[in-house]
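Peer 1: Take this sequence and fold it.
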Amino acid sequence: MPAPRNRPAAVLVLATALAAVGLGPAAAPAAAATVPVGSGSYSDTRPAGTSGPTTNTGAPVSPKVTAAAQGKPVPTNDWWSSLAFQRYGDNPYSTPMYGHPLTYQAVSGGLEIGYPTSPAIVGDGRQYEYAHKRDLTLGLSGLNSPDTKADAWSDWTVTPYWSDGTRTLRTTIGHGMPFVYAKGSGGNAQITTASAPAVFSDQGNVLGITVGGHHYALFAPTGSDWNVSGSTVTAGLGGKDYFSVAVLPSTDALATYRKYAFSFVTGSTVNWSSSGGTVRATYSLTTEAKEGTERGTLQALYRHQWLNTTDALTPYTYVSPRGTMKVRESASFSTAQKASAVLPGLPRTNAVDTARLRGYLNEVANSSDPFSGAVDTYWTGKALGKLAQLVPLADQIGEGAIRDKLIGLIKGRLQDWFTAGGANEFSYDTVWKTLTGYPASYGSDTELNDHHFHYSYYVYAAAIVAQYDQAWAADSAWGGMVKTLIRDTANASRTDGAYPFLRGFDVYAGHSWASGHQGFAAGNNQESSSESTNLSAALVLWGSATGDNGVRDLGSYLLTTEAEAIAQYWFDADEQVFPSSFGHDTVGMVWGSGGAYATWWTANPEEIHGINVLPVTGGSLHLGGEKAAIRRNIAEMERENGGPAVEWRDILWEFQSFADPATAKSKWDAGNASYTPEAGESKAHTYHWITTLDTLGAPDATVTGDIPTSAVFTKGTARTYAAHNYGSTARTVTFSDGKTLSVPARSTATGTGTGGGTDPDPDPPTGNTFQLRSGGTLTTATGGTAGSDTIASAGGVNRDGTPYQPLVYTIRGVNGTLTQGASTSFRLQVDAGTAVGLGQQARISYDLTGDGTFDRTETYHYFATDPVTGWEEYAQSRGLKSATGTLGNLTNGTVRLEVWSAIGNASAKLQTGTDRSVLVIPYS
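Peer 2: Now for the predicted structure:
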């Protein structure tokens, strides 16, 4: 629900997704008190004439939680928030909630459960959805509760509660959980199916049934017995209070799932770290054994997770709107990703004409109204962001007066908002535990929408000020108010009684949600993913500028995680998520049930394609990691638009520059004289951005620096390294290819780097990195002659997972000790030329003793090449498709690499003889 430049009164209605929205009269506020925070303040009561959270009819609403949860900060903007936020007065239960693989909806008799596996294409082909459809309802015999409340929650699980005075029911549900865990009293366990179930296994207290083509297992306490009567299945609990239900990937999985049926999940926690250019996260479930001693469990990983884990996965999979989910048999798993780059601004190059940039800067700085009439939180934020982007540019060209004038404008407006009692202020809601800016906009007050979008600009602008004026950013000055906004939107504490943990960010889904109440048939949604990452990047900058490494590393985790989710779920980078029947290469909005080629306010293709790009800042560089997806995205926009962008041309030029800077530059050169910048943009920033990337090349996400505020750009074969040092002394930044860059104190530096020069991914010990040689050999020798081998065409047949006429590279007589915790990695340079629809695939096999039998085989997901001549990098980060066997020490062993065409009807090239195409084995 972000706010674009000219939002008309009518909004685009998305099929089956939206409910009617009406805003009623404001509740009368109580007498306000001012809460001082350093030099600033906020109010503890809303300004006169304004509203807080309401129902759709305008009636004030309080969190719908049990007595046990009263007073705790409620995580609005979550996948399940309709349990606690009753936006629609005639529904005291919930709207559909999309946990994946299961879907849920609370009703008077208990919890509806579904497993949608067939997508529907609706809205004239503009939306795909796996809509909730009940297969069964889990409850207790006779249960007829007047409402459902949230009883407890953790990072990605929630426990709904029902009571009708005689019977009580609690269920624990969550992302990635194939089980629903139930505790009840006052009645028998009861499962009501949507149609008569087909029983495929009856073991007394364990019953396997099929409903609507989906397989479920029902588990009652030992000694109980399930009874089937039509569409009603019941079991006495024999004095116990627990039972569970699981959706099975197949009927033959029953024995495996039975093992964990009474290991009840009680909580979920993510822990993260960011160091040395790598972001790591561990996702853990806590459990209790209701029977026996088993404390393990099963959980399904989303695509963005299993692409970035080396943990063992089972063969079991599920269908979801986010593509295939893969099952892990454990209570935890870990991911590791290259940290997404952040810079306070692109570095200086000689290609930028100083006089021209100065003129553009003065147009903004000397404007009669630099804030373009903005009064509410969103539009004020957009204006702050526009000004903040220009501060480093003015500084680069020695225009201290312009820089300081811009900083002064930003400070003045921030301080105005950071002081209670004026025409604009922030107000704390003691009931909902949230900070809302007034004047509000787009439901940020009545629906608690979009706080992370709006406040991202304030934190970003404050971070730029802090870069130049650390005293202003001190807690005792204005930094305390900045931190208060961060607590509202991205609070890292689970014990803070004033604000919930990570309000908008869904750690398991990998991205944020925008709606505060989640009150839609399609679940929650997020339109402008790029305004969400704007907050994450702002946290990196603010934490770096103020020396708060906790905030900095939180920002790096959020940004890196959401960058992968955006690539997969908004842009379908690997073309493995969107249903084949959905005829678009991108979505403007992700919903719990799927995605929509749409925005909230217009069907204009430019806005649909641009809303997940703006604002373009030094925190947007992650977009350059998926260049083929950008090219598809731009091509579709121009097809749908009937030609190049007109209204948001600057945003889309900048987007194109992440993949093809020269093309973007030619468009700028041809059209810069006759356009009006998007509301958060300026000609100064767009000119500097496009000219700089045309000079340095597009962002290169394959190489990372050991501080978050570093980046790499590649043009042809030349890399440029950049970093900003916020410290008071000079430092050396080391990049993952071994290059280093010396950066003076409180400065940005660029250069070609010194030392290093290979990209080990990860940096390997000597002797475990193998170059490819034409003729089929692998060698640890360096200094080869660059060449290429031809990868045979797949012949128009899908060869995914099965080698077909592969190129084979082998080395024998290998000895090595397995490095615990390490895994295979590779970088292969491939080129499909101008051929469309090709994908190359790799398999690595290990014969540990050289006896001719391969003990471990790893097949990786194929890499979809673009139809543009030039080398592209295929790496292990595409993720394991399958693996067999177990690694061990190598004794006179053999290692083999196979590369073939998984899809397509043309040949491709594989680079050989260079340190850019290498296999790295996890041995020393």
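Peer 1: packing partners for the helix or strand hosting Ala842?
Peer 2: Here Ala842, judged by DSSP states H and E, is contained in strand 839-847. Here strand 839-847 touches strand 825-831, strand 856-860, strand 863-864, strand 890-903, going by 3 or more CB pairs under 8 Å, 6 or more residues apart in numbering; DSSP states H and E. Using the backbone N, CA and C atoms, a C-beta is placed for each residue, glycine as well.
Peer 1: okay, those in JSON lines with distance to Ala509 next?
Peer 2: Below are these laid out as JSON lines (distance: least, CB to CB, whole Å):
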{"stretch": "strand 825-831", "distance to Ala509": "27"}
{"stretch": "strand 856-860", "distance to Ala509": "24"}
{"stretch": "strand 863-864", "distance to Ala509": "24"}
{"stretch": "strand 890-903", "distance to Ala509": "28"}
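Peer 1: Which of those strands sits closest to Ser882?
Peer 2: Closest to Ser882 of the helices and strands packed on strand 839-847 is strand 856-860 (CB to CB; 4.9 Å).
Peer 1: Pipe the helices and strands packed on strand 839-847 into CSV and attach distance to Ala48 and mean neighbour count per row.
Peer 2: Below are the helices and strands packed on strand 839-847 laid out as CSV (distance: least, CB to CB, whole Å; neighbours: other CB atoms under 10 Å):
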stretch, distance to Ala48, mean neighbour count
strand 825-831, 61, 22
strand 856-860, 61, 20
strand 863-864, 57, 22
strand 890-903, 63, 21
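Peer 1: Tell me the spatial nearest neighbour of Arg126, not counting adjacent residues.
Peer 2: Nearest non-adjacent residue to Arg126, counting by CB to CB, 6 or more residues apart in numbering: Tyr597, 4.5 Å away.
Peer 1: list the contacts for the residue minimising distance to the centre of the chain?
Peer 2: Closest to where the C-alpha atoms of the chain average out (CA atoms, centre = their mean) is Glu562, at 2.4 Å. Contacts for Glu562 (CB atoms under 8 Å, 6 or more residues apart in numbering) come out as Phe505, Gly510, His511, Ser512, Ser529, Ser532, Thr533, Ser536.
Peer 1: same deal with Lys881?
Peer 2: Taking CB under 8 Å, 6+ apart, we find Lys881 in contact with Asp800, Gly801, Thr859, Tyr860, His861.
Peer 1: Could you give the bridge partners of the fourth one?
Peer 2: So that's Tyr860. Note on Tyr860: beta-bridge partners Leu880, judged by DSSP bridges.
Peer 1: Going forward, the N-terminal residue is numbered 15.
Peer 2: Sure thing, new numbering starts at 15, so read that last one as Tyr874.
Peer 1: For it, give its distance to Thr71.
Peer 2: Note on Tyr874: its distance to Thr71, by CB to CB, to the nearest Å, is 54 Å.
Peer 1: same deal with Asp383?
Peer 2: Note on Asp383: its distance to Thr71, by CB to CB, is 37 Å.
Peer 1: who has more neighbours, those two?
Peer 2: Thr71 (13 against 8; other CB atoms under 10 Å).
Peer 1: Give me the secondary structure label for that one.
Peer 2: Put simply, Thr71 is coil when judged by DSSP: H, G, I helix; E, B strand; the rest coil.
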